[in-house]
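Q: Okay, structure incoming, though there's no sequence with it:
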């Protein structure tokens with residue numbers, strides 16, 4: 001892979017996962033050009049090259065197209081090892097992967113809630129952002145009108161994620177506790193694990209930047225309630241980041257424990273049901289690509305129960321921290337297990353997967 005020509009990052013500033021890869025490219029100092037993924041770009045470039053209508057997508061100088069944030073970042077890490085984002089020590093590496101999983105797949109819930117359930121504050125801005133995708137050549141009012149139709153499709157995803165009137169207060173109170181926890185943490189540390197950004201930091205950029213920092217309603221909340229989180233987001237977006245070292249002795253700050261505790265309490269029961277549903281679907285449909293949705297179940301958030309979809313993709317993301325933990329040697333597990341016992345996660349990290357998943361041509365399939 002050469003860098004005589006810049007990479008092209010296809011995304012959008014309002015896109016949740018584009019914020020993760022854009023921040024990574026800037027942090028690593030990798031030259032790239034930003035290209036807005038308009039509907040025309042989807043039709044003429046992204047779908048023909050990747051087979052899916054999803055962003056972000058990275059085009060390499062050799063004109064290869066890589067889709068999905070994990071695939072993009074891990075491919076680039078192999079070619080640009082400087083400023084590596086995966087800690088080598090076991091506790092920090094596991095925590096960074098857990099935070100990526102929590103951010104990418106679970107903090108998606110408050111991100112979507114605060115974007116779509118505060119229409120008075122957000123509608124004009126969000127419809128304008130979608131309008132840039134649909135009809136970038138139109139003037140503002142017509143652009144927003146065009147964008148509103150596409151926006152409705154995304155707003156319609158809320159019930160799939162368990163976002164309803166019933167769960168609204170629980171989601172908001174959970175998000176405020178996340179903000180408070182991170183605000184305390186970033187008062188003491190530049191990044192999650194010291195003076196160097198990890199994969200967990202880039203995971204957090206996905207929900208916290210595009211939706212919860214840029215959208216008007218949650219953006220006002222964040223700026224008022226969590227100025228240290230705002231500073232962290234702006235630090236993560238700079239093109240000349242401060243890069244130091246991980247915290248010494250594989251230390252994981254206790255300021256992160258509330259996030260880990262909440263993850264094991266609320267997200268991992270959903271992941272267990274996901275693993276079971278994926279396994280059953282594969283047994284009933286051998287040698288087929290997995291659908292995005294493999295079932296439904298009831299989940300619990302802060303004592304509130306609701307229905308939501310079981311989606312297959314989170315299992316693929318779960319495999320990363322499970323592989324990290326289950327691949328540790330016995331001596332390495334001692335300190336890691338002590339940490340997991342403190343946050344209620346040891347049992348969860350011993351989940352057994354009936355079927356592993358892999359990506360084939362940007363779609364999930366069972367490992368053979």
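A: Looks like it came in fine. Because the structure is a prediction, the values reported are computed rather than measured.

Q: helix/strand/coil for the closest residue to residue 45 other than its chain neighbours?
A: Once flanking residues are discounted, residue 45 sits nearest to residue 10: 7.3 Å by C-beta to C-beta, 6 or more residues apart in numbering. Every residue, glycine included, has its C-beta placed from N, CA and C. Classification of residue 10 by DSSP: H, G, I helix; E, B strand; the rest coil places it in strand.

Q: so residue 312 makes contact with residue 290?
A: Yes: counting by C-beta atoms under 8 Å, residue 290 is a contact partner of residue 312 at 4.5 Å.

Q: which neighbours do the two share?
A: Counting by C-beta atoms under 8 Å, 6 or more residues apart in numbering, the shared contacts of residue 312 and residue 290 are 278, 281, 357, 364.

Q: between those residues, which is nearest residue 249?
A: Nearest to residue 249 among these is residue 357, at 34.9 Å by C-beta to C-beta.

Q: name the element residue 86 belongs to?
A: Under the criterion DSSP states H and E, no helix or strand holds residue 86.

Q: That one: neighbour count?
A: For residue 86, the count of nearby residues is 15 (other C-beta atoms under 10 Å).

Q: For it, which residues are in contact?
A: For residue 86, the contacting residues are 77, 93, 96, 198, 199, by C-beta under 8 Å, 6+ apart.

Q: do residue 254 as well
A: Listed by C-beta under 8 Å, 6+ apart, residue 254 has no contact partners.

Q: measure the closest residue to residue 117 other than its chain neighbours to residue 158 for me?
A: Spatially, and ignoring its direct neighbours in sequence, residue 117 is nearest to residue 168 (6.6 Å; C-beta to C-beta, 6+ apart). Note on residue 168: its distance to residue 158, by C-beta to C-beta, to the nearest Å, is 10 Å.

Q: Give me the common contacts of these two.
A: In terms of C-beta under 8 Å, 6+ apart, residue 168 and residue 158 are both contacted by the residues 113, 117.

Q: who's residue 59 bridged to?
A: Beta bridges link residue 59 to residue 8, residue 65, judged by DSSP bridges.

Q: Give me the local confidence score for it.
A: pLDDT, residue 59: 98.

Q: how many other residues sit next to it?
A: Under the criterion other C-beta under 10 Å, the count of neighbours that residue 59 has is 21.

Q: go on, residue 41?
A: As a burial measure, residue 41 scores 17 neighbours (other C-beta under 10 Å).

Q: Look through the chain and tell me its longest helix.
A: Longest helix in the chain by number of residues (criterion: DSSP state H): helix 168-186.

Q: Between the shared contacts of residue 312 and residue 290, which sits nearest residue 130?
A: residue 364 (26.9 Å).

Q: burial measure for the closest one, as a count.
A: 17.

Q: Repeat that for residue 344.
A: Other residues near residue 344 come to 16 when the count uses other C-beta under 10 Å.

Q: Not counting residues beside it along the chain, what's closest to the residue positioned nearest the centre of the chain?
A: Closest to where the C-alpha atoms of the chain average out (C-alpha atoms, centre = their mean) is residue 104, at 2.1 Å. Once flanking residues are discounted, residue 104 sits nearest to residue 203: 5.2 Å by C-beta to C-beta, 6+ apart.

Q: For that neighbour, pull up the helix or strand it's in.
A: Residue 203 belongs to helix 199-210 when assigned by DSSP H and E.

Q: Just want the angle from that helix to strand 7-11.
A: Relative orientation of helix 199-210 versus strand 7-11 (axes from the mean of the first three to the mean of the last three C-alpha atoms, to 10 degrees): 50 degrees.

Q: which residues are in contact with helix 199-210?
A: Taking C-beta under 8 Å, 6+ apart as the rule, helix 199-210 contacts 13-21, 23-24, 27, 69, 73, 85-86, 95-104, 107-108, 110-111, 182, 191-193, 222, 229, 233, 236-237.

Q: Please spell out the PyMOL selection for the buried subset of those.
A: Filtering the contacts of helix 199-210 down to the buried ones (16 or more other C-beta atoms under 10 Å) takes a single PyMOL command:
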select buried, resi 14+15+16+17+18+19+20+21+23+24+27+69+73+85+95+96+97+98+99+100+101+102+103+104+107+108+110+111+182+191+192+193+222+229+233+236+237
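
Q: In strands, which of the contacts of helix 199-210 fall?
A: Judged by DSSP state E, these include no members of strands.

Q: Next, the contact list for residue 250, please.
A: Counting by C-beta under 8 Å, 6+ apart, residue 250 touches 87, 89, 90, 91, 92, 335.

Q: at 6 Å instead, please
A: By C-beta atoms under 6 Å, 6 or more residues apart in numbering, the residues touching residue 250 are 89, 91, 92.

Q: Next one: the residue with the largest distance to the centre of the chain relative to residue 126, how far apart?
A: Taking C-alpha atoms, centre = their mean, the residue of the chain most remote from its mean C-alpha position is residue 139, at 32.4 Å. Going from residue 139 to residue 126 by C-beta to C-beta gives 18 Å.
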